[in-house]
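Colleague: could you look at this predicted model? Sequence included:
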Amino acid sequence: QVQLVESGGGLVQAGGSLRLSCAASRRTFSRYSMAWFRQGPGKEREFVATINWSSGSTFNTDSVKGRFTISKDSAKNTVYLQMNSLKPEDTAIYYCATRERPGWGIYRNSDEYDYWGQGIQVTVSS
């Protein structure tokens, strides 16, 4: 079992920045990818960004390209989401997830991930 704990959320004005962190409870040799998803008010959960744990390759959804950056610190079992130029439409609960099943692709569906954090609120005011 892997526990994920998010931190770094909060309230920020449009145009501002936040950095989310997600710490995994233990080191694992079977971690393949980690990702961030978000769920806005009245919306379904959507993919934001993912990072391959071995290669460090990343992929972002179009709406955050050029503004959000996903990164990792393998020694700390932590994944980050640097969010710049925030917009009110970025307001959501942000979740991190980890994929412990084998796979070397880019995974954008929530059912492709095995463990989830509890979520953290990000609110962007206009």
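Modeller: Received the coordinates, thanks.
Colleague: which residues does Arg67 contact?
Modeller: 83-86 (C-beta atoms under 8 Å, 6 or more residues apart in numbering). Just so you know, the C-beta spots here come from the backbone N, C-alpha and C atoms, and that holds for glycine as well.
Colleague: chain center to the helix or strand that contains Trp36: distance?
Modeller: Element membership for Trp36 (DSSP states H and E) is strand 33-39. Counting by C-alpha atoms, centre = their mean, to the nearest Å, strand 33-39 is centred 4 Å from the centre of its parent chain.
Colleague: can you tell me what sits against it?
Modeller: So strand 33-39 is contacted by 20, 22, 24, 45-53, 70, 72, 79, 81, 90, 92-99, 103, 107-108, 110, 113, 119, 122 (C-beta under 8 Å, 6+ apart).
Colleague: hmm, 7 Å instead?
Modeller: If you take C-beta atoms under 7 Å, 6 or more residues apart in numbering as the criterion, strand 33-39 is touched by 45-53, 70, 72, 79, 81, 92-99, 107, 110, 113.
Colleague: partner strands of the helix or strand following that strand and their direction?
Modeller: Using DSSP H and E, the helix or strand that follows strand 33-39 in sequence is strand 46-52. Strand pairing for strand 46-52, determined by DSSP bridges: strand 33-39 (antiparallel), strand 58-60 (antiparallel).
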